[in-house]
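Trainee: what would the 3D arrangement of this be:
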Amino acid sequence: MTIRNFGAMTEIALRGLTKKYGDVIAVDDLSADIRSGRVTGFLGPNGAGKTTTLRMLLGLARPTSGTATIDGVAYRDLSTPTRRVGAVLDTGVFHPARTGRNALRVYATAAGLGTAGLDAVLDTVELGRAAGRRVGGYSLGMRQRLALAAALLGEPDVLVLDEPTNGLDPHGVHWLRGFIRTYAAGGGTVLVSSHLLAELTNTVDDVLIINRGRLVEHASLAELTNATTSLESRFLELTTERPS
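Mentor: Purely as a prediction, here's the structure:
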């Protein structure tokens, strides 16, 4: 599979995005633009609202108020969502008794995608040789690669990745970094959530940080860091709760 150059630029827009569960505000009036041709790191402490935000963006949870759109259209209203947006949120969605190739074929059929490109995608994520093995025998890193393969089947112009380096060895992390950078360089839009701040420093162009559901920083990596300030120190400064 060759990473294509994307024609039209696709951007993600969050506008006043809010999600409440009873009296608990999980995401609080979040507004941001995720630009095409760039990798945006989505950061926040545990419980900050990152996963809830991603679920609203992908139509898996309804906002209490506000919107999350791809080129002005909500995910639920896209005519062919899996051809516009590829997402990796959960590596446990594949039946353990199926082979990697069959699991991907089932996913492609359910998503209304063709199966002609299965082997090419498996090769792209370096699972070609393991495609005939059962998913139940895959390591966490291999399941992560399989989830990425599923996200790529529709050749989407947007990638949404939640902790994509989980289970990957150093070779896998290096490969994923290069893949993401190449994808964005072709005009793709990448939103990646991760706790590995040092790795994100080598991967992202822009950084979006939330804390307690609210936006606390949105800037380029170059604007946030310098010779004396790392992404980690800036993140801790913005998200560490201080005694009142």
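Trainee: tell me the bridge partners for the most centrally placed residue in the chain.
Mentor: Residue closest to the average C-alpha location in the chain (C-alpha atoms, centre = their mean): L161, at 1.7 Å. L161 forms beta bridges with V88, V192, as assigned by DSSP bridges.
Trainee: N202: neighbour count?
Mentor: Other residues lying near N202 total 12 when counted by other C-beta atoms under 10 Å. Where you see a C-beta, it was placed from the backbone N, CA and C, and this is true even at glycine.
Trainee: er, R181 actually
Mentor: By the measure other C-beta under 10 Å, the count of residues near R181 is 16.
Trainee: and the helix or strand harbouring it, what does it pack onto?
Mentor: Taking DSSP states H and E as the criterion, R181 maps to helix 170-185. The contact analysis (3 or more C-beta pairs under 8 Å, 6 or more residues apart in numbering; DSSP states H and E) places helix 170-185 against strand 39-43, helix 140-152, strand 158-162, strand 189-193.
Trainee: can you list those in a markdown table and add mean pLDDT?
Mentor: Converted to a markdown table, the helices and strands packed on helix 170-185 look like this (pLDDT from 0 to 100):
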| stretch | mean pLDDT |
| --- | --- |
| strand 39-43 | 98 |
| helix 140-152 | 93 |
| strand 158-162 | 96 |
| strand 189-193 | 97 |
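Trainee: need the strands for this protein, in chain order.
Mentor: Shown for the chain, the strands assigned by DSSP state E span residues 12-21, 24-34, 39-43, 65-70, 73-74, 85-88, 158-162, 189-193, 206-211, 214-220.
Trainee: who's in contact with the second one?
Mentor: Residues outside strand 24-34 that contact it (C-beta atoms under 8 Å, 6 or more residues apart in numbering): 11-20, 40, 49, 52-53, 56, 63, 66, 189, 191, 206, 208, 210, 212-215, 218.
Trainee: counting neighbours, which of those end up buried?
Mentor: 11-14, 17-19, 40, 49, 52-53, 56, 63, 66, 189, 191, 206, 208, 210, 212-213, 215, 218 (16 or more other C-beta atoms under 10 Å).
Trainee: one step back: how about CSV for the helices and strands packed on helix 170-185, with distance to D29 added?
Mentor: Shown next, in CSV, are the helices and strands packed on helix 170-185 (distance: least, C-beta to C-beta, whole Å):
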stretch, distance to D29
strand 39-43, 17
helix 140-152, 29
strand 158-162, 21
strand 189-193, 19
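Trainee: of the ones you listed, which is nearest T228?
Mentor: T228 lies closest to strand 39-43 among the helices and strands packed on helix 170-185, at 19.9 Å (C-beta to C-beta).
Trainee: distance from the chain centre to that closest one, please.
Mentor: 9 Å (C-alpha atoms, centre = their mean, to the nearest Å).
Trainee: so that strand versus strand 24-34, what angle?
Mentor: 160 degrees (axes from the mean of the first three to the mean of the last three C-alpha atoms, to 10 degrees).
Trainee: run me through the strand neighbours of strand 39-43, direction for each.
Mentor: Strand 39-43 has these strand partners (DSSP bridges): strand 189-193 (parallel), strand 206-211 (parallel).
Trainee: could I get these as TSV with distance to E241?
Mentor: Output for the strands paired with strand 39-43, formatted as TSV (distance: least, C-beta to C-beta, whole Å):
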stretch	distance to E241
strand 189-193	21
strand 206-211	9
